[in-house]
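Participant: Just the structure for this:
(one chain, ligands or ions: 1)
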Amino acid sequence: MTERVLLVTGASRGIGAATARRAVAAGFRVGLVARNAGSVGPLAAELGEGQALPLAADVADWPSISGAVEAVLARFGRLDAVFANAGIGMGVSFFGDGGAEPERWRELVLTNVYGAALTARATLPALAASGGHLVLTGSVAGRYPRKGSLYSATKWAVSGMAAGIREEAVGTGVRVTLVQPGITDTGILTEEQRRKPKLEADDVARAVLYALEQPPTVDVNEIMVRPTGQVL
Ligand SMILES: NC(=O)c1ccc[n+]([C@@H]2O[C@H](COP(=O)([O-])OP(=O)(O)OC[C@H]3O[C@@H](n4cnc5c(N)ncnc54)[C@H](OP(=O)(O)O)[C@@H]3O)[C@@H](O)[C@H]2O)c1
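Facilitator: Here you go, the predicted model:
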C-alpha cells in the first residue's frame, strides 16, 4: 500500500469528501480542510485516525491555509498531492436584477479564486520536493459562458490559473490537473439545478483518482465530466 499523502480542501462534504473517501481506499493518507474542524471531524473519524487529519482553515486566509499545510507536513512528513477544491456558489445579476448584494460578491471571488491561488502557493514548494500533483476544481462553467454569472467568471479564473501554474511547473516534476465537473448533486446546487441531470459527487471523485493514479510521466491536464444529457 502506498504511503502517499493528499491534502483536500473543501473536504467536509460534496466532491471533496467523496474524493477523500476514494483516496483513502486507494491507499492515501489525507489532510481534510474545511473552515470548521467540527465539520471534517466525523469524516476523519470514519476514515481512521491514522489515515486522516481534520484541519480547520479558510482557504482565503494565508496564515490559515499555510498553517494547515504545515500541520499536514508535521503530521505525515510529506505531501504528494493536493486537491484545491473548496468553493462556494452564489447567484448574481450584473444588472441588479436579483441575486446576492454586491457586498457579498467579495466572498465568492475570495473563496473561489484567491483561495485556490493561496492553496497552490502554500503547497507547491512541498509538491516540488515530492514531485507531486496539484488538482484544481474548475467547472463546466469555467469553460462555457454563463449568463450573468460571477461564479462562472471565478471558474474561468481557475482554468487560467491551472494553465499558468502548469507552465511555471515545467522542470519541477509537478503535475497540474484541472477537473471541470458538470452539475453534481451537492449542497452547492440551486433548486433549478436540482431539477436537471446530475452527477454524484463520487463520479467526480473517480475522475480525480484517475488523474492521481497515473505514473509520474503522465500529466492529465484537464478532465471535463458532465452528467449525460446536461445542456451546455
Ligand atoms: N456541485 C456542482 O455542481 C459543481 C460543479 C462544478 C464545480 N463545482 C465545484 O466543486 C467544488 C466543491 O463543491 P461541492 O459541489 O462539493 O459543494 P459543497 O458540498 O458545498 O462543498 C464545498 C466545500 O468547500 C468548503 N469551503 C467553502 N468555503 C471554504 C473556505 N473559505 N475555506 C475552506 N473550505 C471552504 C466547504 O466546507 P465548510 O463549509 O465546512 O467550510 C465544503 O467542504 C467547488 O469548488 C465548486 O465550485 C461544483
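
Participant: Show the backbone phi and psi for residue 38.
Facilitator: phi -60, psi -30 (degrees, to the nearest 10).

Participant: Please see if stretch 78-94 touches the ligand.
Facilitator: Yes. Under the criterion of C-beta under 6 Å from any ligand atom, the ligand is reached by stretch 78-94 at 85, 86, 87, 88. Bear in mind the C-beta positions are built from the backbone N, C-alpha and C, glycine included.

Participant: What of stretch 59-76?
Facilitator: Yes. Counting by C-beta under 6 Å from any ligand atom, the ligand is contacted by stretch 59-76 at 59, 60.

Participant: what about that stretch, distance to the chain center?
Facilitator: Its chain's C-alpha centre and that of stretch 59-76 lie 15 Å apart, by C-alpha atoms, centre = their mean, to the nearest Å.

Participant: Over to stretch 9-24?
Facilitator: 9 Å.

Participant: Repeat that for stretch 96-109.
Facilitator: With C-alpha atoms, centre = their mean, you get 22 Å for stretch 96-109.

Participant: quick one: average confidence on that stretch?
Facilitator: Averaged across stretch 96-109, pLDDT comes to 97.

Participant: residues from this structure in reach of the ligand?
Facilitator: 9-16, 33-36, 39, 58-60, 85-88, 111, 115, 137, 139, 181, 183-184, 186-189.

Participant: and residue 30, that one's in a strand?
Facilitator: Yes. Residue 30 forms part of a strand when assessed by DSSP: H, G, I helix; E, B strand; the rest coil.

Participant: List buried residues within the residues of stretch 78-94 next to the ligand.
Facilitator: Buried members of the residues of stretch 78-94 next to the ligand, counted by 16 or more other C-beta atoms under 10 Å: 85, 86, 87.

Participant: Pull up the gap between the first one and residue 95, please.
Facilitator: As judged by C-beta to C-beta, to the nearest Å, residue 85 and residue 95 stand 31 Å apart.

Participant: ok, now residue 30?
Facilitator: Counting by C-beta to C-beta, the gap from residue 30 to residue 95 is 43 Å.

Participant: Equivalent analysis for residue 191, please.
Facilitator: 22 Å.

Participant: rewinding a little: switch the buried ones among the residues of stretch 78-94 next to the ligand over to TSV; also include pLDDT.
Facilitator: Below are those laid out as TSV (pLDDT from 0 to 100):
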residue	pLDDT
85	98
86	98
87	98
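
Participant: Nearest to the ligand among those?
Facilitator: Distance to the ligand across these (C-beta to the nearest ligand atom) is lowest for residue 87, with 2.2 Å.

Participant: Go ahead and confirm that closest one touches residue 138.
Facilitator: No. Using C-beta atoms under 8 Å, residue 87 makes no contact with residue 138, being 9.4 Å away.

Participant: Grab the nearest non-local neighbour of residue 218.
Facilitator: Leaving out its chain neighbours, the residue that sits closest to residue 218 by C-beta to C-beta, 6 or more residues apart in numbering is residue 175, at 7.9 Å.

Participant: Let me fix that, I meant to ask about residue 67.
Facilitator: residue 57 is the one closest to residue 67 (C-beta to C-beta, 6+ apart), at 6.7 Å.
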